[in-house]
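S.K.: Quick one: sequence plus predicted model below, questions after.
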Amino acid sequence: MRRIYALSSIIAVVIGFALCQMTAAIEKPSASPDVKVRPERPRIFLRPEDLGPWRKRFENTAELKTIYDATRKTVMAVPSPGRNGYISTTELQDMALFYLAENRAKEPLAKAKQWMDYFADGNRGDYWTYSLITQAMSIAYDWTYGDLTAEERKRYGEAIVRYAESAIHNAPHDLPDNGEMNQVSDYYNQFYWHFGRTAFAAVALAGEDGFEAASDKYLRMSEDWLKRHMLPATNQAGDGGGWFESLSYNNMTAFPLAWLMEVWRTGTGEDLFPQSRFLPGNSAWVVHSVIPYSGDALPLDDVDPGERPSAGVDAEGSLAPLLAARYHDPYAQYFSETLFSAQSGEMNFPYLLWYDPHVPRLDFAGIDKGRMFSGLGQVNMRSGWGKDDTLAVYRAGRMYGGHGHYSAGHFLLYRKGNLLVEDGYYGVKSPDAHNTLYIGGEMRPLARSTPQHFLAEMDGTTFDYARITGYYHDPAFSRYHWIDSDLTRAYAPSQASRVARRFIFLPPRTVLVIDCIDSPGGVEKRFRLHAPSQPRMDDAGHTASWTDGEGKLFVRTLLPADASMTASRAKHSFLLSVSPRETSARETLAHLLYAADLDEAAPKATTIEASNGFTEILVETPANGKWAVLFRADGKRASEVTYKVPLPLQGPARVNHLIADLSGDSCQVTGATASTQALNGGPLCFDSPGGGAFTLKAFGREDK
């Protein structure tokens, strides 16, 4: 036993020394001599020159005054702080706001001091609320500073330091990137939640006797976290808006980051909002992620169904008024004007502080019905903004770890119900719980966990999982959305050498999913969908359907012609699985999905081999009319194709054409219609008054 103990001790010393050396090698924060906290107060969120116009808002804006009066009545009636740190910290911020809005009013001051005494007299926090207490105490300290005694400033300052230290010691951030999971990494919401409020202590305590060292330390740490970690990581993973861990964890990331950037702006004078590519589109991502028929948010990644935007502490309302003000953003303004009310109680703090009635309102009739969020590798598409419209969402992006799921090529569909679901949500990260491909096994696991610190170059790393290589649509987003994606790196080389998924949404209700797979012969392939109810299959075994609420979905296998379609009970859903009966090295799977009314019949569809390696899919549905969609399975471009749309056609004769994989700049169309069309790198879309033979000849620049 002694020998084992001695050996263990030696190993522990060696490992500890190595970790110390690695940690020491990580660059420490360097002071920026030009970054200093301004001496005048207030300096958190508001500056002395802001106070006059800010107070006038409550007199000049009727809805703001109504909510202010209701919030004040509710909060000031609370007799004492409660044990819920989310609520009590927000109440303290409200009381400090009333004090400031009413030009140093005595009643709110007395209540604010009662709450500050409560937090200062003991340890009132826990893992999740230490940072919230740091923030609230710092705001109240700064805003009521002129009416605090020297003893109160000292006692409250000591409490701020105590809670700030507790927050940043929940989990270490300054660690070597050794591949182990750490919940306080640059790609994990908890880094922002626990560490993102330290700057409040720095700004509140700057220039105070006895707190110079603490304030300077927090200022330098916050500058390092903000500029070298938070902004770069969120600009990468959240480029364009949205966060890969889920809508819920987006709020736990974006909320503290936005407030950190605001206290940095007012406290130091350095405005970093223009440098963010994550925050400007964040509210747009949430708006585009609202399910039409229910108003709920998309249950993608680690979140359970049923969540929706709200005015809570860690919800969309916590940052929407700020983002609306800083970016003049109508999407954020939409939440500012719909999430807050006289009944929202203490949660109205962000609205009262930042609401700007001059920010334009969101005009749903004028905004795009499709949007790509490049950091996520996600496209949200819809037929419109009405309750009965269709929402289709497609995901093919990097894996950043954290609460992200293995979901390369995953998609969801909604119309009058949840037409596609997942087999479990929060904590169920595995590929088989998503609407993904099985290719000789499941997707490969990450070779290492979340990067501890910002990783500037992810291409070629284990996190380089999937990518959207093209998103194309008509100018009005009304005829088609075409997504090309490469899922190859989500699978091991022994599984596949090429996996290309094409997701085509034809508004209002038709989806085509085309999978082109190159893999070793004999590898089993499965197209998988998770249904909310028991699928019903036709006698031929090519079409399945199911219902949810007032919605119905038809799924029809188009390729391969001889495929096996089965349905089984999964853990939380019903699994529809389609497999080729015979495997080959190159396989094309094509499926038609149609969001129908409950009394509609199955759509009509067929495939035809066209010239020059093109495959033609003919689709006819009541909602979308007749479409001819052409593509090449090998993904290579060609300069010419001839195909036919069979005659006669039942009903109206007009045909919509959508042709991908044409090279050149322009294309000459001959047939039932004759025209010259620009290609612009994406599919060619035109219509014709009838069917017959068509020849397309591309000319101009050849794509290399």
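M.R.: Sure thing, it's come through. Given the structure is predicted, the values throughout are model-derived calculations rather than measurements. Residues are numbered from 1 along each chain as shown.
S.K.: which is the next helix or strand following the longest strand along the chain?
M.R.: Longest strand in the chain, counting residues (DSSP state E): strand 586-596. The first helix or strand that comes after strand 586-596 along the chain, using DSSP states H and E, is strand 604-609.
S.K.: what about stretch 347-358, how long is it end to end?
M.R.: 22 Å (C-alpha to C-alpha, to the nearest Å).
S.K.: tell me how far stretch 383-399 is from the chain's mean position?
M.R.: Averaged C-alpha coordinates place stretch 383-399 at 12 Å from its chain's average position (C-alpha atoms, centre = their mean, to the nearest Å).
S.K.: my bad, should have said stretch 272-289
M.R.: On the basis of C-alpha atoms, centre = their mean, the separation between the geometric centre of stretch 272-289 and that of its chain is 10 Å.
S.K.: Any buried residues in it, and which?
M.R.: Across stretch 272-289, burial judged by 16 or more other C-beta atoms under 10 Å covers 272-273, 276-289. Where C-beta positions appear, they are placed from N, C-alpha and C, glycine not excepted.
S.K.: end-to-end on it?
M.R.: End-to-end span of stretch 272-289 (C-alpha to C-alpha): 27 Å.
S.K.: Residue 199 and residue 218, how far apart?
M.R.: Remark: distance between residue 199 and residue 218 (C-beta to C-beta, to the nearest Å) = 7 Å.
S.K.: meant to ask about residue 158
M.R.: For residue 158, the distance to residue 218 (C-beta to C-beta) stands at 14 Å.
S.K.: between these two, which one's more packed in?
M.R.: Neighbour totals were compared for residue 158 and residue 218, and residue 218 leads with 28 against 15 (other C-beta atoms under 10 Å).
S.K.: Isn't the more buried one up against residue 201?
M.R.: Yes. Using C-beta atoms under 8 Å, residue 218 makes contact with residue 201 at a distance of 5.0 Å.
S.K.: Common neighbours of these two, please.
M.R.: Both residue 218 and residue 201 are in contact with residue 164, where contact means C-beta atoms under 8 Å, 6 or more residues apart in numbering.
S.K.: still on that earlier bit, of the buried residues of stretch 272-289, which belong to helices?
M.R.: Among the buried residues of stretch 272-289, the residues falling in helices (DSSP state H) are 282, 283, 284, 285, 286, 287, 288.
S.K.: give me every residue that touches the fourth one.
M.R.: Residues in contact with residue 285 (C-beta under 8 Å, 6+ apart) are 240, 241, 242, 250, 371, 373, 380.
S.K.: give me that answer again for 10 Å
M.R.: Contacts for residue 285 (C-beta atoms under 10 Å, 6 or more residues apart in numbering) come out as 238, 240-243, 247, 250, 254, 278, 298, 331, 371, 373, 375-376, 378, 380.
S.K.: cool, the third one as well?
M.R.: Contacts of residue 284 were listed using C-beta under 10 Å, 6+ apart, and they are 240-242, 323, 329-332, 334, 362, 367-368, 371, 373, 380.
S.K.: which one among these gets closest to residue 268?
M.R.: Of all the contacts of residue 284, residue 268 sits closest to residue 323, with 20.0 Å by C-beta to C-beta.
S.K.: Relative to residue 565, how far out is the closest one?
M.R.: Distance of residue 323 to residue 565, given as C-beta to C-beta: 46 Å.
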